[in-house]
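Chemist: Got a sequence here, can you model it:
(chains A, B, C, D, E and F)
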Number of protein chains: 6
Amino acid sequence: MNTDFSLFGSGVPGRKRVFWQELWRHELEELVRQDPVVIVTTGSVEQHGPHLPLDVDIVDAHAIAAAAAMAIDDFPVIVSPPIWTGLSHYKQGHPGTITLRMETYVEVVCDVCRSIHRNGFERIVLLNGHGGNRSINQAIAIKLAEEDIFILPITYWDMVSDLLVEQSQRDAGSIGHAGEWETAFQLYLRPDLVAHDRIAGDDDRPDLPPDMRRYTAFAERLRERAGGVHGDPSTATPEQGKILFDASRDELVRLIHAYRALPVRHYAEFMDGQ
Amino acid sequence: MNTDFSLFGSGVPGRKRVFWQELWRHELEELVRQDPVVIVTTGSVEQHGPHLPLDVDIVDAHAIAAAAAMAIDDFPVIVSPPIWTGLSHYKQGHPGTITLRMETYVEVVCDVCRSIHRNGFERIVLLNGHGGNRSINQAIAIKLAEEDIFILPITYWDMVSDLLVEQSQRDAGSIGHAGEWETAFQLYLRPDLVAHDRIAGDDDRPDLPPDMRRYTAFAERLRERAGGVHGDPSTATPEQGKILFDASRDELVRLIHAYRALPVRHYAEFMDGQ
Amino acid sequence: MNTDFSLFGSGVPGRKRVFWQELWRHELEELVRQDPVVIVTTGSVEQHGPHLPLDVDIVDAHAIAAAAAMAIDDFPVIVSPPIWTGLSHYKQGHPGTITLRMETYVEVVCDVCRSIHRNGFERIVLLNGHGGNRSINQAIAIKLAEEDIFILPITYWDMVSDLLVEQSQRDAGSIGHAGEWETAFQLYLRPDLVAHDRIAGDDDRPDLPPDMRRYTAFAERLRERAGGVHGDPSTATPEQGKILFDASRDELVRLIHAYRALPVRHYAEFMDGQ
Amino acid sequence: MNTDFSLFGSGVPGRKRVFWQELWRHELEELVRQDPVVIVTTGSVEQHGPHLPLDVDIVDAHAIAAAAAMAIDDFPVIVSPPIWTGLSHYKQGHPGTITLRMETYVEVVCDVCRSIHRNGFERIVLLNGHGGNRSINQAIAIKLAEEDIFILPITYWDMVSDLLVEQSQRDAGSIGHAGEWETAFQLYLRPDLVAHDRIAGDDDRPDLPPDMRRYTAFAERLRERAGGVHGDPSTATPEQGKILFDASRDELVRLIHAYRALPVRHYAEFMDGQ
Amino acid sequence: MNTDFSLFGSGVPGRKRVFWQELWRHELEELVRQDPVVIVTTGSVEQHGPHLPLDVDIVDAHAIAAAAAMAIDDFPVIVSPPIWTGLSHYKQGHPGTITLRMETYVEVVCDVCRSIHRNGFERIVLLNGHGGNRSINQAIAIKLAEEDIFILPITYWDMVSDLLVEQSQRDAGSIGHAGEWETAFQLYLRPDLVAHDRIAGDDDRPDLPPDMRRYTAFAERLRERAGGVHGDPSTATPEQGKILFDASRDELVRLIHAYRALPVRHYAEFMDGQ
Amino acid sequence: MNTDFSLFGSGVPGRKRVFWQELWRHELEELVRQDPVVIVTTGSVEQHGPHLPLDVDIVDAHAIAAAAAMAIDDFPVIVSPPIWTGLSHYKQGHPGTITLRMETYVEVVCDVCRSIHRNGFERIVLLNGHGGNRSINQAIAIKLAEEDIFILPITYWDMVSDLLVEQSQRDAGSIGHAGEWETAFQLYLRPDLVAHDRIAGDDDRPDLPPDMRRYTAFAERLRERAGGVHGDPSTATPEQGKILFDASRDELVRLIHAYRALPVRHYAEFMDGQ
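Modeler: Predicted structure coming up:
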C-alpha cells in the first residue's frame, strides 16, 4: 500500500495534486470555477489499545478521502488538511488521548467549513473516521445550514455497513475500537505501526441487547474496556483492510458523483424560490 | 384515545402519578430510593404543514413516554416536563416555528439532566420526537458522560423502523415531516387538532439516491418543501397512528426493562475499577 | 376552577383557541396581520415545600396568561408554550428542583422571543411566576432591545402588590415561597395537587429589617428554610386564591389594552426618526 | 462639596483611607480580620443630555459609597475601584456612550466580586448608579449565590424613593436620565462639569400609565428622547443634590450597619446546617 | 508632580479637557469631525509588594496617556476612562488582586473599543501598563481588525526599552513588578502612596538564561516571589521615575503624530481597493 | 533535505520515533516516567503569495520541532500532531486561507495542552510558526497557568532574530509573509512545492517608522499587499533556508535543555511552598 497520504506531502513527482494545503494560488483560483468538491476529514488522536498507533481514526478517514479524490477525474475534488482533534472521552484510563470539549470541536469544524465556503467552495463533504464525532458532525451540518453552508456529513463505515457484516469474522458488523476492522485497516495501510505481538481481545461486560443497540447506546465511556479495545482484533488481516478501504473509497466516489449531479445549493434555492 | 398527557395535569383521580412536576416532596424522596428511571422528552414547536398543530413532535414523544411510564409497575418510571424548545431551522418560510440555536439547546438539555441527576436520579432516558434533535441528543449523551451523567438517547421512530416500512402506504419507512406517520399519530392522539380539509401532499425535488440517504443527508433545510410537508399525509389513518403509538410504547417498555436490568452506572464503575 | 390550561390541550370543543402550539398555519397567518399580542410565560419546576407540587410557579403564570387571553376579544392574544425551566438555586436541599444556569436561561428566553418576533409578532409580554426569574427577565428586556425586539417583562404579583398586603392573613404582602399566597393559588386552581395534611409553617431566621427589604435582598438561597417554605401557608384558602387569580388576570387584561393602544414599536421608531 | 472621590486619589494627607486600590498589603491583611464590608460600585459612561458629563451614573454611586465608608468608624468599610462600564444601549443616537454587552457586564461584575471574595472579604455591597444595571445586578446576586458568594445589590435611588417624590419639583419621584435629580446631584458634586446654559427639557411621548410603570417598563431604549433627556432638569438645584446625596449616604450607612449585625454568611450556613 | 489624572476629575479650572467622561455632547460632536485619536488605557489592580498601592499598573499607563494628550495641540487626543480590571493571576498568595478571566478581559476591552468606534472615532491607541495584558492586547488588535476596527496596542515600557537598560541600577532593563522602575514611577507620581519603610528586595529562584528570556517566558505565576516583588526596588528614586515618565510621554506623543500622519484606515482601504 | 516530517508518517525503518500519534501505549507509559518534554506546534494554512503552498507556517514550525526532537537523546522529546488551524485574517482577498476565530483558537490550543497534561506530561513547549498566533499563544500560556499547566510559548523566528538581520539580503530582519525568509525555508525544505516562476515582490505602502514597529504594529490585515506578500522573496536561496532551519533547531535544542534543567513545575511549587 502506498502511504503518501501525508499532511505535509513532499510533492511526489507525478502524483495528482489533491491536497488543499499544497495548492498554489493560481491553481485554487482555477479550481473554484469548476464547481469543485472539498472533503474535510475528521478523526481523533486517542488511545487505541496495546497494538495500534493513536491516529488510526483520522488516518483511516484521510486515506479514504485522498484515494477518492485521486480517483475522480471529471471534476476537481480537493482534500483539506485533516481535523485530527476529535471528541474523545478524556478519562479513558489509558495514555495517549487528546480530546476537545464538544463546544471546541463544534467551533473548529464550523470555522474550517466557514473558511472553505468563504473561499467560494460550496460543496463540502465532511468525512469522519471517529465514533465520537459521528453524531456531532450531523448536528454541525444542521447548525451550518442556518448560515447557508450545506455540508454532507458521512462516517466512513456507515457507507459500507453491509460489508462489515459480511466480511467480519468476529465483530458482527461493528467497527468497534481497535477491534477487527480498525486493526485490519492498519495492517493494510501501515503495517509497520501495528504492534503485532501485542494484539489481544478484550473482556466482555453487560450491555443492552444487540437489537436495541441498533437504535441507542450509552456514551463513549461505555466502550472502554480493561484493554482499551472494543471488539476482537485477533483474526484481522491486511486483506480485510484492503476490502474495507476499497469499498469505502468506491462508495465515496459514487456518492460524490451523485452529490455533484445535484444543482449547487438547490436545497437553499428551493426555499428562496418560494 | 385518552389525551391527558398534559404538562399541567389536573390530578385525574385514580390516574397513576408519573409526572415529575406533580409529585410531592415525600413521594420523590421515596422514589429515589427505588432505583427509578426518569424519561426526559425532547421535541419542537414548529410549522407542521397546513393541517397539523405546531407541537406534534413534542406531543408524540411525551405521549409515548407517559404511556410507557404508566405501563411499568415493577419499579418507578417518572416523566419530566417536556422540553418543547427544539433545534429547528428558523428560516422555514412558514409561520409557527420557535427554535433554539444549537448552543442553547445543548445547555437546556444538559442543565435539565444535570438537575435530575443532582436530585439523585441516575437512570435517565432522553426520548426525542423531532428530527432536528436526533443527532445532537446523541452528542449530548457523549458530553454528559464526561460529567459522569449517563443518559440513553432515543428517537422514538428509530425504535420501530421496521414497522415504518411494513405499515407505510406512501412514505416508504420515512417518518417525514407532517407526512403519513406524523399525521396518523395526530389522527389517533388528537383528531380535533387535525385540519382534515387541508391535508395535502408536497412537491418532489432532486435528492441523493435512497440507498445513500441511509447513511447521509443534507441538513434540515432539505426537508422544507413548498407546502412545508415532507412525505404524503393523504392516506394516513388513526389506525396507523395507534399501531405506531402502541409499538413505540411497547418497545420503550422493553428497553427500559433491559436498561434497569443492567447495574447502575456499571459503565463508569467499570472504568473506576481498572 | 376549570384547569384546562394545559400545554397539550385536547382541543376542547368550543374553547377559544389561544395557545400558539395548537394553532394551524392559516390561523397564524391571519392573526399576525391583526397586530396581536403574544404572552410568553416563565416559571420554574422546583421544590415547593412538603405540600405543593413542583410546577406551582409556571402553572400560576400560565393560568393567568391563558385566562387573560381568553378574556380579550377585540384583538388577538396568543399564549406561547410555557418556559418551565427557570433560574432556581440548585442546592436547595430538598428534592425536585430543575434549574438552568443563568446563561442558559437568558438564551432560552431570548431564542423563544426572537423566534416569535421573526414570525412577525412584534408585541410580546413576558409574564413571570417565579421569583428567581424576576430581575433577569427585566435584564433580558434590555438585552433584546438591542436587537429591536421590545418585550414587556412582568411578574404577576407585582401587578397586585396592594392586594397582597390587604388580603394577607400571615405573610404581610410577600408572595413568599409555598407560603400563604402560593398555597391559596393552588387550593383554588388545583386542590387535588395540594397535600393538605402536610401544610406547615417554617422557622424564622435573622434578616434585614422589612423597610430595607423593600429595596434590597440577599439572593435566592436566603429564602430557603428548614421546611423549604418562605411564609406561612397554614391559613391559606381557595377564596384567597381566587381573589389573587382574578385580580392578576384583570390587571393583565388592563395592561395589555394599554400596551396595544400604544403605536407598534414606537420606542424604536422614535429613535430611527431622529 | 469636597470632590476627592477619585479613582486615583493623591493620598490627601489626613484623609481616611477607604479605597481598595490605595491600600498597602499589610493594611489589607489587617482589615480582612475585622469582618469588613466592601462596596463595589457600578455605573455607566454614556450620553447624558446636552448639559451633563458622561460619567454621572458612576460618579454618583461612587461618591455615595465613599462618603458612607468615611462615615463608618466602628468597623472597616472599603470601596473598590468603580466599575464604570455599564449596560447601556449602544444605538442611543447621541455620542459618548460606552457600553458592554450584557454577557460581558455579568462576567466583569462577577469576576470582580469573585476576586474580592477570594481575598477573604465575605461581605460585599454592590451599589449601583445606572438604571440599565439595576435588574442585572439583582440577577448577578442570584448567580453568585450559587458559588457561595453573597452580595447585596442596591441601586442608590431605591433607598430614597420617598424622598424623590417629596422633594421633586418636576419629575414626580422618578430618577429619570439627566433630569431633575441627576442634574441636581451634579450641581452639588461637580458644578464645573454642568453646562448650565444648555439645560433643556425633553419632548413627551406615549407611554404606559404611571400606575403600570410601577411594575413594568419597556427597555432602556424607551427612555431616549430627542434631547437625550428623561425628565425635566430646568429647576434642579444644588440644594436638591445635597438632599439626595446626604439621604443616600445616611441610608447606606444604616443598611451597612444592619447587614454587619447579621452573622457572616448566615444564609449559606443555614442551609449547610440542615 | 501634578497628580490630577483622576477618573473623576474635578474640572480643574484652566486644565485642558482631555478625558472622554468629562466632555459634553457638543464637544464630542465637534471633536469627532477633527480626525481625533482616542487613548484607551489598560492596567490592573493587584498586589504590588509590601510598599506600593494596588493600582500602580493602571495609574502609570493613565498618567502617561493624559500627559501625552495634554501635550498635543494640533489635533484632538482624548483619554477614555481607564480599564483597571486586568488579567492578573488570581492565586498570587498576597491580598489585593482583582482579576478578570482572559475571556472576560477580551470582551471588556473589545466592547469599550467597539463603543468608541461606533461613536465615530476611528483612531484608537490601546496603552497598557500591566505585563499580564501585554500579549492579549496584541491579540485583541488582531481580533478587532476582523470587525474593521484597527487599534494600536502598546505597552508603555516597550516604547522606552533602551532607557530601562541605560538608567537601571539593579533590574537590568526589566520593568519587573514592584521593582526598581515601578517604584521609581510611584515615588515620582504619588510619593504619599509609597510605604517607604517597607521597601524590600526579593529572593531569587531558578529561571531560564537571560538571552532566552528575550524570546520566551513562563506565565505570570513565574514572577511571584516570596515577597510579591520581581526586581529590586531598594535604590529607586523619584528622579528615575521622572525620566521614565517623561520619556514614555514623549515617545507616545511622537508615535501619535506618526499614526495621525497615516491615512485613516489605510490598511483596510488598501484591501478594499484591490 | 529529508522531508518526512509528516503527520501520518509511514514508520520509516530506523527513524527515531518522536511523533505522539505514532507511539504505542506501552511506549507512552514508559516515556512519561522519564520527565519528557512535549512540543506542540501551531501554524496556519493560509494564502502565501503566488509562489508558496498554503501550509508554510505550520510546516516550518513542525519541521523544526521534529528535528530538535530527533537531535536530543538524553531524555525523551515528543512532537504532538500539528495544530494547523491558526488565527489568520479571513478577508485576505486571496484564496486559500482557513482561519479560526480567536475564541476557537484559544480553546483548541488549551484543550490540546490540557489533554497532554492530563496524560501526565508536565513540560510542554508551544512552538509557533505563524505571526497571527504569536501574541495569543503568549496569552494562552498565562491562561493555562491558572490551571497549573505551564507551557513555554515560542515563535521560532524570535529565537534567531539576530540571524534574520545578519543573513537577510532584502527584508532587514523581518520574517515577513512569503518574503525572503519563508521562501528560503521552503526552497530548502520542499523545493517541489515552490512555484519558482511566480516569485514576485510586493508594493510598498505607508506604515509607521521602523523604530516604532519594534514595539507596536497594526493587526494582521496590515501585512496584506496587492500580491499577498510581505517582504521580497526574489533573492531567497535554499542555503538561507538551511541556515534558518539549522539555527532554529539548534537554539530550540539549547532551550529545551535549559528548560529540562529547571525543576519540574518549580514556578507553581514555589507558590505552594509559601
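
Chemist: Quick check, A:Arg249 in contact with A:Ala67.
Modeler: Yes. With contact defined as Cβ atoms under 8 Å, A:Arg249 reaches A:Ala67; the gap is 4.4 Å. In short, each C-beta sits where N, CA and C put it, glycine included.

Chemist: pLDDT weak spots in chain A?
Modeler: A:1-14, A:90-93, A:203-204, A:220-226, A:265-274 (pLDDT under 70).

Chemist: Going along the chain, name the helices of it.
Modeler: Using DSSP state H, the helices assigned to chain A run over residues A:25-31, A:56-71, A:102-118, A:134-145, A:161-166, A:180-189, A:210-213, A:238-261, A:266-272.

Chemist: wait, does the shortest one contact chain B?
Modeler: Yes. Counting by Cβ under 8 Å from any Cβ of the partner chain, chain B has neighbours in helix A:210-213: A:Met212.

Chemist: count of neighbours near A:Gln165?
Modeler: Careful, residue A:165 is Val and not Gln. A:Val165 has 12 neighbouring residues, counting by other Cβ atoms under 10 Å in any protein chain shown.

Chemist: just checking, it touches A:Ile175?
Modeler: No. Shown here, A:Val165 and A:Ile175 do not form a contact pair, counting by Cβ under 8 Å, at 11.3 Å.

Chemist: And for A:Arg101, the neighbour number?
Modeler: Count around A:Arg101 with other Cβ under 10 Å applied: 16.

Chemist: Might you report the residue contacts of it?
Modeler: B:Lys143, B:Glu146, F:Glu107, F:Asp111 (Cβ atoms under 8 Å, 6 or more residues apart in numbering or on different chains).

Chemist: Which one (most neighbours) among those residues?
Modeler: B:Lys143 leads the contacts of A:Arg101 on contacts (other Cβ under 10 Å) with 25 neighbours.

Chemist: Which residue, other than its chain neighbours, is closest to that residue?
Modeler: Spatially, and ignoring its direct neighbours in sequence, B:Lys143 is nearest to A:Met102 (4.6 Å; Cβ to Cβ, 6 or more residues apart in numbering or on different chains).

Chemist: got the contact list for that neighbour?
Modeler: A:Leu87, A:Ile136, B:Val106, B:Ala139, B:Ile142, B:Lys143.

Chemist: Relative to chain D, how far out is A:Arg205?
Modeler: Noted for A:Arg205: a distance of 37 Å to chain D, by Cβ to the nearest Cβ, to the nearest Å.

Chemist: cool, A:Asp232 as well?
Modeler: Remark: distance between A:Asp232 and chain D (Cβ to the nearest Cβ) = 47 Å.

Chemist: correct me, but that residue touches A:Gly179?
Modeler: Yes. With contacts counted by Cβ under 8 Å, A:Asp232 reaches A:Gly179, the gap being 6.0 Å.

Chemist: gap between A:Leu23 and F:His26?
Modeler: Applying Cβ to Cβ, to the nearest Å, the value for A:Leu23 to F:His26 is 40 Å.

Chemist: More neighbours: which of the two?
Modeler: A:Leu23 (21 against 13).

Chemist: And that one, how close does it get to chain C?
Modeler: Taking Cβ to the nearest Cβ, one finds A:Leu23 at 40 Å from chain C.

Chemist: Tell me which residues touch that residue, please.
Modeler: A:Arg17, A:Leu31, A:Ile78, F:Pro53, F:Leu54, F:Gly96.

Chemist: re the thing from before, can you list the contacts of A:Arg101 in JSON lines and add distance to C:Val125?
Modeler: Below are the contacts of A:Arg101 laid out as JSON lines (distance: Cβ to Cβ, whole Å):
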{"residue": "B:Lys143", "distance to C:Val125": "35"}
{"residue": "B:Glu146", "distance to C:Val125": "39"}
{"residue": "F:Glu107", "distance to C:Val125": "38"}
{"residue": "F:Asp111", "distance to C:Val125": "43"}
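
Chemist: and which of those residues is nearest to chain C?
Modeler: B:Lys143 (13.9 Å; Cβ to the nearest Cβ).

Chemist: for that closest one, what are its contacts?
Modeler: Applying Cβ under 8 Å, 6+ apart, the residues near B:Lys143 are A:Arg101, A:Met102, A:Ala219, B:Val106, B:Cys110.

Chemist: picking that back up, quick one: which of A:Asp232 and A:Gly179 has more around it?
Modeler: In this view A:Asp232 and A:Gly179 are compared by other Cβ under 10 Å, and A:Gly179 has more residues nearby, 24 against 20.

Chemist: Not counting sequence-adjacent ones, nearest residue to that one?
Modeler: A:Gly231 (1.8 Å).

Chemist: re the thing from before, from the contacts of A:Met102, pick the one nearest chain C.
Modeler: Using Cβ to the nearest Cβ, the contacts of A:Met102 come closest to chain C at B:Val106, 9.2 Å.

Chemist: Can you tell me, leaving aside adjacent residues, what's nearest to A:Trp20?
Modeler: Using Cβ to Cβ, 6+ apart, the nearest residue to A:Trp20 is A:Ser80, at 4.6 Å.

Chemist: Does the one you found touch A:Glu22 like I think?
Modeler: No. Taking Cβ under 8 Å as the definition, A:Ser80 is not a contact partner of A:Glu22, at 11.2 Å.

Chemist: which residues are common contacts for those two?
Modeler: By Cβ under 8 Å, 6+ apart, no residue touches both A:Ser80 and A:Glu22.

Chemist: Now do the contacts for the closest residue to A:His94 other than its chain neighbours.
Modeler: Take A:His94 and drop its neighbours on the chain: the residue closest to it by Cβ to Cβ, 6+ apart is A:Gln47, 3.9 Å away. Contact partners of A:Gln47, counting by Cβ under 8 Å, 6+ apart, are A:Leu54, A:Gln92, A:His94, A:Pro95, A:Gly96, A:Thr97, A:Gly228, F:Arg25.

Chemist: which of these are buried?
Modeler: By neighbour count, with 16 or more other Cβ atoms under 10 Å in any protein chain shown, the contacts of A:Gln47 hold A:Leu54, A:Gln92, A:His94, A:Pro95, A:Gly96, A:Thr97, A:Gly228, F:Arg25 as buried.

Chemist: what about the closest residue to chain D within chain A, distance to C:Glu103?
Modeler: Nearest residue of chain A to chain D: A:Glu103, at 15.1 Å (Cβ to the nearest Cβ). Distance of A:Glu103 to C:Glu103, given as Cβ to Cβ: 12 Å.

Chemist: circling back to that earlier point, does the residue of chain A closest to chain D really touch B:Glu103, like I thought?
Modeler: Yes. Counting by Cβ under 8 Å, A:Glu103 sits close enough to B:Glu103 to count as a contact (7.5 Å).

Chemist: what's the burial count for A:Asp250?
Modeler: 16.

Chemist: Oops, could you answer that again for A:Arg205 instead?
Modeler: With other Cβ under 10 Å as criterion, A:Arg205 counts 13.

Chemist: again with the one 3 residues further on
Modeler: Using other Cβ under 10 Å as the criterion, A:Leu208 is surrounded by 19 other residues.

Chemist: Look up the closest residue to it, ignoring the ones flanking it.
Modeler: B:Ala258 (5.4 Å).

Chemist: ok, now which ones touch that neighbour?
Modeler: So B:Ala258 contacts A:Leu208, A:Pro209, A:Met212 (Cβ under 8 Å, 6+ apart).

Chemist: Out of these, the closest to B:Val38 would be?
Modeler: Closest to B:Val38 out of the contacts of B:Ala258 is A:Leu208 (17.7 Å), distances taken as Cβ to Cβ.

Chemist: Verify the stated contact: the closest one with B:Tyr259.
Modeler: Yes. Counting by Cβ under 8 Å, A:Leu208 does reach B:Tyr259; the two are 6.9 Å apart.
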